[in-house]
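> Give the three-dimensional model of this entry:
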Amino acid sequence: MPSTTVLGRIATALVAFALSIIVHAAPPTDEQVQQAVDQFKEAWAALFEIQATREDVERVRAHALDGLEIGALTPKQVGRLFRENMIHGKETTRMIVARMTEFKDDPTSAGATARLLRLFFLGGVIDEENRPDPELQEELLGEALAHEALPNAIRSGEASFVIGVLDALAKKSVWRAHADDIYALADDLLHCKDPRIAFDFESYFGILGYINDEDAAEDAEARRQAIRAGLVKYGRDVLARAKNGEIEVDERSIEFLTGSLARLDSAPARGTFIGSAAPHLDFLWSNDETLPSLAALKGKVVILDFWATWCGPCVASIPNVRELQARYEGYPVKIIGVTSIQGAHYGENGAVDCKDDPDKEMALMAEYIGQKDITWTIAFAKQKVYNRDYGVRGIPHVTIIAPDGTVRYNDLHPADPLPEKAAKIDALLKESGLAAPTPLPKEKETESTEG
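This next block holds a predicted model:
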């Protein structure tokens, strides 16, 4: 049960939101917007101290904008709320789109900021039927990137959410259509006066990676690596300032930035991962009691599927992994679903609190394996599931290791078509003189929503 102190903090914050309806009837000032942000952050932080229900979360979000005249907000103010994930509800979104449309041709930073927000909210991410709309995304992205004041908006910090907007598009073709302009953002990002932008650098670097493919210019990767070095340098400065108290950042955010920068400076990010020896993994528990160390699996193709029970796409991919396991049953191929202690287990009855009780979490996993008909090996690793050595910045994340112990493929998705995965695995088996199943016919190649 949550403590009365925590509940009191939430209640106090919600009352403050309610009172602001009366106080903030007029068009909001920057101070009033900041007050709303502060109150929201206090209520939101309190949720992390309890096992908050969906209703708790929705109640806090529903009160977040009470008292602010949405139709009178400036682009800068909307950007501030957007950065804090405060914008909630279809009606609020509709009003913001209308307001930002009024500003989209403003020649100042306000116009550039308004165009970015329109890109996110005006069907730029999803249309009315909740489907990605790449044509609209491409049009609105071009409109936003073409605004002459965009560099100033980013450098001043007014549009420090730009990477978040780009990352939400999640479509390679849209990014590639504006590749040069996205690359050109790097200098502005590295001169942004809002240090919080460093928390998004890993996403920006990932976007540049998706833009680069076999058709990219020969110097594209060298350019990307030069940008990466600049992002790491900027990020480390922000991290040092945060640890010294020069920037107000909570411990959770410091931990996030530390991990993000470690991944940005890792072998996968540097481009030296493929072909190198697979990093070591320490297994704490596995449903395969004979599971040796990773190094002892040399002589087999090893497929590492980084996942967690709370991850929807991971759970949705279970049938795909089961299908792969069935294909290679009896062949020298080992599939390991790698997770780590999460502090909670998400099963058929929802979340189960396992904080400070890893034995309970592992016991629940043993039951989960039977419930989900998981036919491959599941293991808890000592290393976090967001494994920096493997460049795991999101899950699910699949790495394929050759029989000689070297990494050959990384950052794949378990739901990729079976023929594509089988072709990679079969080739590695044959390369080592090992038996492989009969080749599967290739499926027609199509670009997925994720790229």
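> helices or strands next to the strand or helix carrying Ala422 in the packing?
According to DSSP states H and E, Ala422 maps onto helix 418-431. If you count contacts as 3 or more CB pairs under 8 Å, 6 or more residues apart in numbering; DSSP states H and E, helix 418-431 packs onto strand 301-306, helix 318-327, strand 397-401, strand 407-412. All C-beta spots, glycine's among them, are computed from the backbone N, C-alpha and C.
> For Thr101, find the nearest of the ones you listed.
Of all the helices and strands packed on helix 418-431, the one in closest proximity to Thr101, counting by CB to CB, is strand 407-412 (37.6 Å).
> quick one, domains of the protein?
Taking automatic domain parsing as the criterion, the chain consists of the domains 69-265, 283-431.
> Of all these, which one is nearest Gln35?
Of all the domains of the chain, domain 69-265 comes closest under CB to CB, at 11.6 Å.
> Just the endpoints, please. Distance across the closest one?
44 Å (CA to CA, to the nearest Å).
> just the helices and strands packed on helix 418-431: most buried one?
A comparison of those by mean neighbour count, using mean count of other CB atoms under 10 Å, puts strand 301-306 on top with a mean of 25.
> Reformat the helices and strands packed on helix 418-431 as TSV; add mean pLDDT.
Output for the helices and strands packed on helix 418-431, formatted as TSV (pLDDT from 0 to 100):
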stretch	mean pLDDT
strand 301-306	98
helix 318-327	96
strand 397-401	97
strand 407-412	95
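> Would you map the helices across the stretch 201-350 of the chain?
201-211, 220-243, 251-264, 267-270, 312-316, 318-327 (DSSP state H, counting those that start in this stretch).
> Output the contacting helices and strands for the third one.
Counting contacts by 3+ CB pairs under 8 Å, 6+ apart, helix 251-264 packs against helix 201-211, helix 220-243.
> mind redoing it with 10 Å?
If you count contacts as 3 or more CB pairs under 10 Å, 6 or more residues apart in numbering; DSSP states H and E, helix 251-264 packs onto helix 201-211, helix 220-243, helix 267-270.
> Name the residues that touch the last one?
Counting by CB atoms under 10 Å, 6 or more residues apart in numbering, helix 267-270 makes contact with 202, 205-206, 209, 224-225, 228-229, 231-232, 261-264, 273-274, 276, 279, 387-393, 399, 407, 410-411, all of which sit outside it.
> Any chance of a ChimeraX selection covering the buried ones in the residues you listed?
Of the contacts of helix 267-270, the buried ones go into a single ChimeraX selection, burial set by 16 or more other CB atoms under 10 Å:
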select :202,205,206,209,224,228,231,232,261,263,264,273,279,387,388,389,390,391,392,393,399,407,410,411
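> Nearest residue to Tyr210 in space, please, no chain neighbours.
Leaving aside its sequence neighbours, Tyr210 sits nearest to Lys172 (CB to CB, 6 or more residues apart in numbering; 5.0 Å).
> Do me a favour and get the end-to-end distance for stretch 46-61?
13 Å.
> Show me where this structure dips below the pLDDT cut-off.
Scanning the chain with the threshold set as pLDDT under 70 gives 1-26, 48-52, 123-132, 170, 213-218, 443-451.
> tell me, what residue is most central in it?
Gly394 (5.4 Å; CA atoms, centre = their mean).
> what about that residue, which helix or strand?
Gly394 belongs to no helix or strand, assigned by DSSP H and E.
> Now for it: which residues touch it?
By CB under 10 Å, 6+ apart, the residues touching Gly394 are 202-203, 206, 306, 311, 313, 386, 411, 413.
> same check, this time on Asp404
Asp404 neighbours (CB under 10 Å, 6+ apart): 277-278, 298-299, 428, 431-432.
> Burial check on Asp219, number of neighbours?
By the criterion of other CB atoms under 10 Å, Asp219 has 9 neighbours.
> and if you look at Lys372?
16.
> hang on, isn't it packed against Ala366?
No: using CB atoms under 10 Å, Lys372 makes no contact with Ala366, being 11.5 Å away.
> Show me the common contact partners of the two, please.
Ile378.
> Dump the helices of the stretch 201-350 of the chain into CSV; add distance to Thr101 as well.
Below are the helices of the stretch 201-350 of the chain laid out as CSV (distance: least, CB to CB, whole Å):
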stretch, distance to Thr101
helix 201-211, 26
helix 220-243, 33
helix 251-264, 33
helix 267-270, 38
helix 312-316, 33
helix 318-327, 42
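> Which of those helices sits closest to Ala344?
Nearest of the helices of the stretch 201-350 of the chain to Ala344, taken as CB to CB: helix 312-316 at 14.2 Å.
> quick revisit: may I have the helix holding Ala422 exported as CSV, CA atoms only?
Only the C-alpha atoms of helix 418-431 are listed here, as CSV (Å, rounded to 0.1, in the frame of the first residue of the first chain):
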residue,chain,number,x,y,z
LEU,A,418,11.5,-16.3,-41.0
PRO,A,419,13.2,-16.6,-44.5
GLU,A,420,15.3,-13.6,-43.7
LYS,A,421,16.5,-14.9,-40.4
ALA,A,422,17.0,-18.5,-41.7
ALA,A,423,19.1,-17.2,-44.6
LYS,A,424,21.5,-15.6,-42.2
ILE,A,425,21.7,-18.5,-39.8
ASP,A,426,22.0,-21.2,-42.6
ALA,A,427,24.8,-19.2,-44.1
LEU,A,428,26.7,-19.2,-40.8
LEU,A,429,26.2,-22.9,-40.4
LYS,A,430,27.4,-23.7,-43.9
GLU,A,431,30.4,-21.4,-43.4
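> in that helix, what counts as buried?
421-422, 424-426, 428-429.
> Can you name the residues in contact with it?
So helix 418-431 is contacted by 300-303, 320-321, 323-324, 327-328, 331-333, 335, 398, 400-404, 406, 408-409, 412-417, 434-443, 445 (CB under 10 Å, 6+ apart).
> what about the strands in this structure?
For the chain, the strands defined by DSSP state E cover 283-286, 301-306, 333-339, 344-347, 350-353, 377-381, 397-401, 407-412.
> Between those strands, which one is closest to Gly111.
strand 407-412 (36.6 Å).
> Please name every helix or strand in contact with the closest one.
Strand 407-412 is packed against helix 267-270, strand 301-306, strand 397-401, helix 418-431, with contacts defined by 3+ CB pairs under 10 Å, 6+ apart.
> Now render those as a markdown table, adding distance to Gln32.
Listed next are these as a markdown table, based on distance: least, CB to CB, whole Å:
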| stretch | distance to Gln32 |
| --- | --- |
| helix 267-270 | 41 |
| strand 301-306 | 44 |
| strand 397-401 | 42 |
| helix 418-431 | 53 |
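> Around Asp181, how many other residues sit close by?
When neighbours are counted by other CB under 10 Å, Asp181 comes out with 14.
> Was I right to think Val60 contacts Ala46?
Yes: between Val60 and Ala46 there is a contact under CB under 10 Å: 8.4 Å.
> that older thread, format the strands of the chain as TSV; extra columns: distance to Ala198.
TSV is the format used below for the strands of the chain (distance: least, CB to CB, whole Å):
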stretch	distance to Ala198
strand 283-286	32
strand 301-306	24
strand 333-339	28
strand 344-347	29
strand 350-353	31
strand 377-381	28
strand 397-401	23
strand 407-412	22
